[in-house]
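In: build me a structure from this.
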Amino acid sequence: MKVTIEADCTPEEVRRMMGLPDLTPLHDHYLAKMQEAMDKGTIGPEILGAMLKSWAPATDAGMDMWRQLFATTGGGKSNG
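Out: Have a look, this model is predicted:
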């Protein structure tokens, strides 16, 4: 048996319903600190590029990691 429930809720309403914390103040504080560091020149394009590379390596192994992730989560088909 399959039951489908459709609810018309905003993300905020779902977060409250699920009992999840509202991280908006933390997110805003983090973004303000990032903006401040960028304005001061502490963080530049090279540092942001290094951060992105550490999060998503563009090597063959990194691409295989993303392919496997998408295949296991249903976002793509596995070739093997």
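In: show me the helices in the chain, by range?
Out: Taking DSSP state H as the criterion, the chain contains helices spanning 11-18, 24-40, 45-55, 60-72.
In: run the angle between the last one and helix 45-55 for me.
Out: For helix 60-72 against helix 45-55, the angle between stretch directions is 60 degrees (axes from the mean of the first three to the mean of the last three C-alpha atoms, to 10 degrees).
In: same thing with the second one?
Out: What separates the directions of helix 24-40 and helix 45-55 is an angle of 140 degrees, with the same axes, to 10 degrees.
In: how much space separates G44 from A37?
Out: As for G44, its distance to A37 is 9 Å (criterion: C-beta to C-beta, to the nearest Å). Placement of C-beta: from N, CA and C, glycine included.
In: between the two, which is the more surrounded one?
Out: When neighbours are counted by other C-beta atoms under 10 Å, G44 and A37 differ, and A37 comes out ahead with 13 against 10.
In: nearest spatial neighbour of that one, chain-adjacent residues omitted?
Out: Across the structure, with C-beta to C-beta, 6 or more residues apart in numbering as the measure, the residue nearest A37 apart from its sequence neighbours is I43 (4.4 Å).
In: can you pull the pLDDT of the one you found?
Out: The confidence metric pLDDT takes the value 77 at I43.
In: ditto for T59
Out: In the prediction, the pLDDT value recorded for T59 is 69.
In: how about the helices of the chain in CSV, adding distance to V3?
Out: Converted to CSV, the helices of the chain look like this (distance: least, C-beta to C-beta, whole Å):
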stretch, distance to V3
helix 11-18, 18
helix 24-40, 33
helix 45-55, 37
helix 60-72, 25
